[in-house]
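Novice: could you look at this predicted model? Sequence included:
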Amino acid sequence: MIKKLLHIILILTNILLVVAIVLSYLSSYISPEKFWFLPFFGLGFPYFALGNLFFLIYWIIRKRKFYFLSLIVLISGSVYLNDFVQINLSSDTKPQSAKIMSYNVRLFDLYSWSDKMESKNSIFKLLKKEAPNIICFQEFYNDISDEFITLDSILTISDTKFYHDEYTFDMHDTYYFGIATVSTYPIVNKGKIRFENTNNICIFTDIKINDDTIRVYNNHLQSIHFKKEDYSIIDSIEQIGKKDVAQVKNIFNKIKDASAIRAEQVEAISNHIKMSPYPVFVCGDFNDTPISYTYKKMSEGLIDAFAESGNGIGSTHNSKIPFLRIDFILHSPQISTSGFEIIECNYSDHFPISCHFEIEKKNK
């Protein structure tokens, strides 16, 4: 009797995991403005995939036909697995290629969240070592006093003479919060896409590289605005008690609201990208994973640099949550990339990502 009950529980659990992973696939195609619950299934995709892999192996060992359930959904979604894990045997950088980086610097640790007073200087040292030609910063901070110098230091340290900065909030006309793109190559045009009722923003920068021009989109899409106590709950999710239920509900509501807002933002950006007269890079902190409406819409017609030349697990968020890839470098087919890298360092709550690139020459 117990054995039969356990067998039924296993089958039902397998079915639930199959339904869950199918819903995660759908979350890429259906806007969260229509079905608010789908983004949660997208976030759970890596775990649903592991669960189905477990049952696939389990039923094969037990020689039961139920393994077809998990086999079908895993094969159907195999393309999504490449968004989280990559094995590229030939990812060497080309000697004449340029380098682009995207980095959410969390205001250079202005408020000492990490209790590391040297975080800002450590970021500067990293930039000097990596020497990217183009850097897209999110959660950028700059002031015009001598208290916390950032922009001038970056331009000097990284040999980037050209910059495009936009600020969505300032204090006393001295302390500025926003986003910035810096470049060793000349900037020939600048623009921005603003969103209502938020400090998140997208900027686009036209950059002249020899005889070619590219447009670089630097994005910081709608933040979830987690607080310190929210991260504490997430980091200890397995130890949640009754008193934490309200906090968990609050976290769910934040994710739900932010997902719907990002859907609006990505529609505006995607339409703008399609009108670009130049090949594009689309970089930044999307605050969403590859299994999401945001990523699907933003990446239309573009190539993911991680998929093209990355290696290993694509986690870009510096937290205890595995498989959380929310920072991206996407590009037009006219651009080829190599040597994609996630640089694991503890100077921000995001890891910087970078790759080398070349603009393919047109046949004359």
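Specialist: Looks like it arrived, so ask away. Numbering: from 1, shown residues only.

Novice: in stretch 332-351, what's buried?
Specialist: Neighbour-count burial for stretch 332-351 flags 332, 334-342, 345, 347-351 (criterion: 16 or more other C-beta atoms under 10 Å). All C-beta atoms are positioned from the backbone trio N, CA, C, and that covers glycine.

Novice: so, low pLDDT: which residues of the stretch 51-200 of the chain?
Specialist: Residue ranges of the stretch 51-200 of the chain with pLDDT under 70: 90-96, 113-117.

Novice: now do the helices in it.
Specialist: 67-76, 78-81, 119-130, 151-157 (DSSP state H, counting those that start in this stretch).

Novice: looking at these, spot the one closest to residue 260.
Specialist: helix 78-81 (22.2 Å; C-beta to C-beta).

Novice: now do stretch 318-328: distance to the chain's middle.
Specialist: 8 Å (C-alpha atoms, centre = their mean, to the nearest Å).

Novice: before we move on, what about stretch 286-295?
Specialist: 7 Å.

Novice: which stretches of this structure form strands?
Specialist: 85-86, 98-104, 134-143, 162-171, 175-183, 187-194, 201-209, 212-220, 280-285, 303-304, 312-313, 327-331, 335-342, 353-359 (DSSP state E).

Novice: list of residues touching the first one?
Specialist: Residues outside strand 85-86 that contact it (C-beta atoms under 8 Å, 6 or more residues apart in numbering) are 306, 307, 310, 311, 312, 313, 314.

Novice: partner strands of it, with direction?
Specialist: Strand pairing for strand 85-86, determined by DSSP bridges: strand 312-313 (antiparallel).

Novice: let me see the domain layout of this protein.
Specialist: 2-80, 98-359 (automatic domain parsing).

Novice: picking that back up, let's have the strands of the chain in a markdown table, adding distance to residue 53.
Specialist: A markdown table is the format used below for the strands of the chain (distance: least, C-beta to C-beta, whole Å):
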| stretch | distance to residue 53 |
| --- | --- |
| strand 85-86 | 12 |
| strand 98-104 | 31 |
| strand 134-143 | 34 |
| strand 162-171 | 43 |
| strand 175-183 | 39 |
| strand 187-194 | 40 |
| strand 201-209 | 37 |
| strand 212-220 | 33 |
| strand 280-285 | 30 |
| strand 303-304 | 23 |
| strand 312-313 | 15 |
| strand 327-331 | 25 |
| strand 335-342 | 24 |
| strand 353-359 | 27 |
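
Novice: among the ones you listed, which comes closest to residue 251?
Specialist: strand 280-285 (18.8 Å).

Novice: mind exporting stretch 339-347 as PDB, just the C-alpha atoms?
Specialist: C-alpha atoms of stretch 339-347 as PDB (Å, rounded to 0.1, in the frame of the first residue of the first chain):
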ATOM      1  CA  GLY A 339      36.000  35.300 -25.400                       C
ATOM      2  CA  PHE A 340      32.800  36.200 -23.500                       C
ATOM      3  CA  GLU A 341      33.600  36.300 -19.800                       C
ATOM      4  CA  ILE A 342      31.800  36.700 -16.500                       C
ATOM      5  CA  ILE A 343      34.300  38.300 -14.200                       C
ATOM      6  CA  GLU A 344      33.500  37.000 -10.700                       C
ATOM      7  CA  CYS A 345      34.400  39.700  -8.200                       C
ATOM      8  CA  ASN A 346      32.800  41.100  -5.000                       C
ATOM      9  CA  TYR A 347      32.700  44.800  -5.800                       C
END
